[in-house]
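Engineer: what shape does this take:
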Amino acid sequence: MYKEKILKNTAGKFILKNFVKMVLLIFAVSIAAFALMTVSPVDPLQANVGQAALGSMSQEQIAKLEEYWGVGEPPVQRYLAWLKDFLKGDMGVSLLYRQDVAKVIAVKLGNSLFLMIIAWVLSGLIGFALGALAGMNRGKFVDKAVKGYCLLISSTPAFWIAMLLLIVFGVWLKILPIGLSVPIGVEASGVTFLDRVYHAILPAVTLSITGIANIAMHTREKMIDICESDYVVFARARGESLWQIFRNHGFRNVLAPAMTLQFASISEIFGGSVLVEQVFSYPGLGQAAVSAGLGSDMPLLMAITIISALFVFGGNLIANILYGVIDPRIRRGGAAK
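Structural biologist: Next up is the predicted model:
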């Protein structure tokens, strides 16, 4: 009973500590994003109105535009005003889309999540399988092939892979769409789930290809360590096959670090989606972030930054919690301290 209380208190303190750390990190990210937008050389009036149009406007019209885009207001005052509204649940109005930021993000985030979840799951499963297979066959052809693939993909930009797949499957073979998330000229009510999946294949595969390498290489190294351990050597001496060794000794020991890395890779998926969505003209959160940055849409960009940070830091928090669930030794070690 006493040990159970210690474990509960330790787990509660661990979760609370990481949650507070996540909140502070998100606060720091918001300050950094706002500061970068403030010192940006992009003039919001020229970027969205144009120099020629500004030259034909009166001073009163220019003053109204400056008020609309927040030009001339003290940065600290603007940030505190934004933070106060954001904490109340008001993300503001997008200056580019002329809609509530919450509505814009709801649509863009839905598209991005559909894409990124597919890529995240595929990269995790395929990367784990390839890494385990390579680690258990160290030095053989399978191991060399997986290592070569991972090293090649790790040094290849995501946008280049996206353009290559676009040319091959969209232009040459004409079996997959070259862009967008839905068919052109079809009303929203007429778009089916299969249409969305069909248009998400190329961008999802691109993100999956780039995400496989880290998971596979990390899993391979862990599997090699496990295969060289004393208990696996003893299992081989007893005549256990490779599949039995993986099932009885390798899977559980290699799953925890692989899952931790998989949740930590959410940040890479987010970063890669920005470039991939641009190549495929996919109307997701990454494309909206680029438009907001180039157009100095402060409310939209700040909201996208906070939501992205929530996903990234939340993924790391979940990974740390799951690590303790999968490996009981972590919980016992924490309680002993």
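Engineer: what's the burial count for L176?
Structural biologist: 16 (other CB atoms under 10 Å). To be clear about C-beta, it is placed using only N, CA and C from the backbone, and glycine gets the same treatment.
Engineer: mind checking how far it is from F193?
Structural biologist: As judged by CB to CB, to the nearest Å, L176 and F193 stand 17 Å apart.
Engineer: point out where the chain drops to low pLDDT.
Structural biologist: Under the criterion pLDDT under 70, the flagged ranges of the chain are 1-11, 42-59, 61-72, 188, 322-337.
Engineer: for the residue nearest the centre of it, what are its contacts?
Structural biologist: Nearest residue to the geometric centre of the chain (CA atoms, centre = their mean): F270, 2.8 Å. Residues near F270 by CB atoms under 8 Å, 6 or more residues apart in numbering: M116, G286, S308, F311, V312.
Engineer: and the last one, what element?
Structural biologist: According to DSSP states H and E, V312 maps onto helix 298-326.
Engineer: against which helices or strands is that helix packed?
Structural biologist: In terms of contacts (3 or more CB pairs under 8 Å, 6 or more residues apart in numbering; DSSP states H and E), helix 298-326 is packed against helix 2-38, helix 75-87, helix 101-136, helix 251-264, helix 266-279, helix 285-294, helix 328-336.
Engineer: same for the second one, what does it pack against?
Structural biologist: What that stands for is helix 75-87. Against helix 75-87 (3+ CB pairs under 8 Å, 6+ apart) you get helix 2-38, helix 298-326.
Engineer: now that helix against helix 298-326, angle please.
Structural biologist: Going by axes from the mean of the first three to the mean of the last three CA atoms, to 10 degrees, helix 75-87 is angled at 60 degrees with respect to helix 298-326.
Engineer: what of the first one?
Structural biologist: Here the directions of helix 2-38 and helix 298-326 differ by 160 degrees (the same axes, to 10 degrees).
Engineer: list the contacts for S154?
Structural biologist: S154 makes contacts with A213, N214, M217, as judged by CB under 8 Å, 6+ apart.
Engineer: export the helices and strands packed on helix 75-87 as TSV, with columns for mean neighbour count and distance to H249.
Structural biologist: TSV is the format used below for the helices and strands packed on helix 75-87 (neighbours: other CB atoms under 10 Å; distance: least, CB to CB, whole Å):
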stretch	mean neighbour count	distance to H249
helix 2-38	13	26
helix 298-326	20	15
